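> When you get a sec, could you give me coordinates for this:
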Amino acid sequence: MAKKMLLLMFVFSIITISSIVLAQNRADSITLSPFFGGYKFDSDQYLDDNIYFGLRTGYNFTKYLGAEAMFGYVPTETERNSRKGYLMNRDNQNVNVYRYGIEGLFHFMPDYKFDPFIAAGYGRSHLEYSGGIKDHDFGLFDYGVGLNYHLTKNVAIRADVRHDLFRESGHTFNNLEYTAGLTFQFGGEEKPEVTYTPKSEAPARRYTPEMIPTPEPTPEPKPEIVLIELDDIHFKHDKSELTEVGKEIVNENIETLKENPDIDILIAGYCSASGSDEYNQKLSERRATAVRDYLIKEGGIAPERLTKIGYGESRPAEYESHPKVIESKAAKANRRVLFTIIVK
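Next comes the predicted model:
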């Protein structure tokens, strides 16, 4: 009955969670993790494998590194004789096993829904017998792996496996823990959302009173600004050459440029965050140069109408939380070239 009640409570907790969003493991946050699972004893301990439940509470020093204290309980049985210490044909004796300790945790992907981590630490176990055998304490080392799956910014499903090691009377004992539960996260610094709106690079035209021929001049029609963007599919990673798709986009806009021979065009190149600042700056300039050269050679656009500039990684369209992941959505969005024309 106790097993069924604990399982129902765990399932009910998951069902009642709503607002599923991308979350993260946060620095300076406190965590609370109730768990339920099983505990497997070394055969030489003469204890029956049984359910295992308890509570972990921790603190994240950074989003990658944290520490946890834990307390667990295993209700089990043994057939060890209280006087001679060997197995007998007799009724099982109840044993309460209390497990407590502290662990260090390292998270590999704290900014993602799936957040795997490793853990290692030191603790103790207290065995409390009901049939006359003397209570027993021993220290142990443990290590293992775990996984958080974030449901909301403050709640995650968690699974853990631990290998417990201790040595007594010249013998090494190996126990195994396997648990699942929830992690509740309180406080901490949340990653700010970064948004970026590209600005037109075309210079504003200014007028002075002396330039107005009559008191009530007919206002000139406002120019139509056309912003052409060549994004990720038009440049390969770490390359400045236009792809065939990129050439098609440029070709579609060459006629517009030819129909407006008195306007200038500003071509601006951008890069993703992988690589050094100096290298990305040069790469963005090469991309802008590649578009300019194509407009001159294939489109017949006069060179004096074209101005190019490289911004490197200094003006991203999207924030890149992991610059080394070169094929992330944000990295692809930042590999682009914009060129702006003003059609009268």
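> which regions of the chain sit below the pLDDT cut-off?
1-23, 79-91, 190-238, 272-274, 313, 317-344 (pLDDT under 70).
> Give me the domain ranges for it.
For the chain, the structural domains run 10-187, 209-343, going by automatic domain parsing.
> Mean neighbour count added to these, as JSON lines?
No exception for glycine: its C-beta is placed from N, CA and C like everyone else's. Converted to JSON lines, the domains of the chain look like this (neighbours: other C-beta atoms under 10 Å):
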{"stretch": "domain 10-187", "mean neighbour count": "16"}
{"stretch": "domain 209-343", "mean neighbour count": "16"}
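> Now do the helices in the chain.
Taking DSSP state H, the helices of the chain run over residues 2-15, 244-259, 277-297, 329-334.
> Identify the residues contacting stretch 183-190?
Residues from elsewhere that reach stretch 183-190, judged by C-beta atoms under 8 Å, 6 or more residues apart in numbering: 24-33, 60, 148, 153-158.
> Which of the residues you listed fall in strands?
Using DSSP state E, the members of these that fall within strands are S29, I30, T31, L32, S33, N60, N148, V155, A156, I157, R158.
> so the fifth one sits right up against G66, yeah?
By that I understand S33. No. Using C-beta atoms under 8 Å, S33 makes no contact with G66, being 11.2 Å away.
> Can you pull the residues that touch both of the two?
The contact lists of S33 and G66 share G58, where a contact means C-beta under 8 Å, 6+ apart.
> distance of the residue nearest to N25 when sequence neighbours are not counted from T183?
The shortest distance from N25 to any non-neighbouring residue, by C-beta to C-beta, 6 or more residues apart in numbering, is to P110 (3.7 Å). Look at P110 and T183: by C-beta to C-beta, to the nearest Å, they are 12 Å apart.
> quick one: contacts for the closest residue to T62 other than its chain neighbours?
Nearest residue to T62, sequence neighbours excluded (C-beta to C-beta, 6+ apart): A27, at 4.8 Å. By C-beta under 8 Å, 6+ apart, the contact set of A27 is N60, F61, T62, K63, G188, E189.
> Taking these, tell me the two that lie furthest apart.
By the measure C-beta to C-beta, F61 and E189 form the most distant pair in these, at 12.1 Å.
> Mind listing the shared neighbours of those two?
Joint contacts of F61 and E189 (C-beta under 8 Å, 6+ apart) are A27, D28.
> my guess is R286 meets I267, correct?
No. Counting by C-beta under 8 Å, I267 is not a contact partner of R286; they are 11.8 Å apart.
> This protein: strands as residue ranges?
Secondary structure of the chain by DSSP E: the strands cover 29-40, 50-60, 65-78, 93-107, 114-129, 136-150, 155-168, 171-187, 224-230, 265-269, 306-310, 337-343.
> just so I know, which of these lies nearest G300?
Proximity to G300, assessed across these by C-beta to C-beta, is greatest for strand 306-310 (11.8 Å).
> Now do the closest one against strand 265-269, angle only.
Per axes from the mean of the first three to the mean of the last three C-alpha atoms, to 10 degrees, the angle that strand 306-310 makes with strand 265-269 is 20 degrees.
> Using PDB, write down the CA coordinates of strand 306-310.
Extracted in PDB, the C-alpha atoms of strand 306-310 (Å, rounded to 0.1, in the frame of the first residue of the first chain):
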ATOM      1  CA  LEU A 306      28.400  50.100 -53.700                       C
ATOM      2  CA  THR A 307      29.800  50.600 -50.100                       C
ATOM      3  CA  LYS A 308      30.700  47.600 -48.000                       C
ATOM      4  CA  ILE A 309      31.300  47.200 -44.200                       C
ATOM      5  CA  GLY A 310      31.800  44.200 -41.900                       C
END
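> Would you list the strands that that strand pairs with, along with their directions?
Strand 306-310 has these partner strands in its sheet, going by DSSP bridges: strand 265-269 (parallel).
> For the closest residue to P303 other than its chain neighbours, give its distance to D262.
Closest residue in space to P303, ignoring its immediate chain neighbours: I296 at 5.5 Å, by C-beta to C-beta, 6+ apart. I296 sits 17 Å away from D262, going by C-beta to C-beta.
> hang on, the earlier thing: let's have the contacts of A27 in a markdown table, adding distance to Y122.
Output for the contacts of A27, formatted as a markdown table (distance: C-beta to C-beta, whole Å):
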| residue | distance to Y122 |
| --- | --- |
| N60 | 20 |
| F61 | 18 |
| T62 | 22 |
| K63 | 24 |
| G188 | 26 |
| E189 | 29 |
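> What is the nearest of those to N175?
Nearest to N175 among those, with distances taken as C-beta to C-beta, is N60, at 27.5 Å.
> Show me what the closest residue in space to G104 that isn't next to it in sequence bridges to in the sheet.
Counting by C-beta to C-beta, 6+ apart, G104 lies nearest to A67, which is 5.4 Å off, once chain neighbours are set aside. In this entry, A67 is beta-bridged to Y59, G104, by DSSP bridges.
> correct me, but A67 touches G101?
No. Taking contacts as C-beta under 8 Å, A67 lies outside contact range of G101: 11.2 Å.
> so what's in contact with these two at the same time?
Counting by C-beta under 8 Å, 6+ apart, A67 and G101 have no common neighbour.
> Return the distance of the residue nearest to E177 when sequence neighbours are not counted relative to I263.
Among residues not flanking E177 along the chain, R162 sits closest, at 4.1 Å (C-beta to C-beta, 6+ apart). The spacing between R162 and I263, counted by C-beta to C-beta, is 68 Å.
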